[in-house]
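> here is a sequence with its predicted model. Questions after.
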Amino acid sequence: MKKIKLAITGCMGRMGQQIIKSAKSNNNFVVTVLTENRLINKKINGINITLNDEKAFKKADVIIDFTIPKCTFEVLKISSKLKKKVVIGTTGFTKKEENLIKNYSKKIPILKAGNMSLGINLLMYLTEITSASLGNNYLSKVFEVHHKHKKDHPSGTALMLGKGIAVGKNRDFYKLMGKKYLNKKSFPYGKKINFNSIRKGEIIGEHEVKFSSGKEIITLNHEAFDRALYSEGALTAAKWLNKKKPGLYSMRNLLNFK
């Protein structure tokens, strides 16, 4: 079987390094391009680290991007011109930026997920079902914990889960978004969805969705113990996306959830 040629952006970052490691032991891929946002005089597995440009991306079939929004749009601009497929694991996009990604997906296949884990995407699905079943008599909130190096908060996964609550209620998520807390020991339920983010140590990721009627609390949660969970998910996404036509896809499409 012909191997999929892979470009990995942000190759010096935590996820970039993990994807390189996972791809090395995956027979479906060959890593052909590694990029960073600055010139680095270094080779990884014999590959020079370059900047995001047409010359580099011409060598790839699929690009996996776990960086920052500014870099992601640099990647999308080039990929759109070259008709390359892009897996986006970057988080922290604004509503306007989300719409820009939709526009790019009219030209190229894009799979975007705030989290590449099978378990998290199942949790998202369960969140939607629970929210729809409980209705408006239950208030909800989202709690998440990540390592101290993570810059954005709430995490992309926490926002995904918030959107799951909104979808269940058939409401606009941006109108339902409540307060965003950072490193609070406790935080309240509200008529809108409140978020609390903890940043400490080297924790891979913990996410929790709570629904309360005042008489009972229903909790859905997920804990990740190994970063390979995300890199292997990203590679599964890249393999799946390689056969797709232009469009905006998610892990939900890949997993065939209703």
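Perfect, I can see it now.
> pLDDT weak spots in the stretch 151-258 of the chain?
Low-confidence segments of the stretch 151-258 of the chain, defined by pLDDT under 70: 258.
> mind listing the strands for it?
Ranges of strands within the stretch 151-258 of the chain are 177-182, 193-199, 205-212, 217-224, 247-249, based on DSSP state E, counting those that start in this stretch.
> export the ones you listed to a markdown table and append columns for mean neighbour count.
All C-beta spots, glycine's among them, are computed from the backbone N, C-alpha and C. As requested, the strands of the stretch 151-258 of the chain are exported to a markdown table (neighbours: other Cβ atoms under 10 Å):
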| stretch | mean neighbour count |
| --- | --- |
| strand 177-182 | 16 |
| strand 193-199 | 22 |
| strand 205-212 | 20 |
| strand 217-224 | 15 |
| strand 247-249 | 17 |
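> now do residue 148 against residue 225, distance only.
Distance, residue 148 to residue 225, by Cβ to Cβ, to the nearest Å: 17 Å.
> okay, buried residues for the helix ranked longest in the chain please.
Secondary structure of the chain per DSSP state H: the longest helix is helix 118-134. Judged by neighbour count using 16 or more other Cβ atoms under 10 Å, the buried positions of helix 118-134 are 120-124, 126-128, 130-131, 134.
> same question for stretch 7-22.
Within stretch 7-22, the residues that qualify as buried by neighbour count (16+ other Cβ under 10 Å) are 7-20, 22.
> pLDDT-wise, what's the bottom of the residues you listed?
Taking the buried residues of stretch 7-22 together, the minimum pLDDT is found at residue 14 (88).
> next one: that residue from residue 242, what distance?
From residue 14 over to residue 242 (counting by Cβ to Cβ), the distance is 25 Å.
> now do residue 212
Separation of residue 212 from residue 242 (Cβ to Cβ) stands at 43 Å.
> contacting residues around stretch 85-96?
The contact list for stretch 85-96 (Cβ atoms under 8 Å, 6 or more residues apart in numbering) reads 15, 61-69, 71-72, 75-76, 79, 101, 108-114, 116, 151-152, 155-157, 159, 174, 230, 234, 237-238, 241-242, 244.
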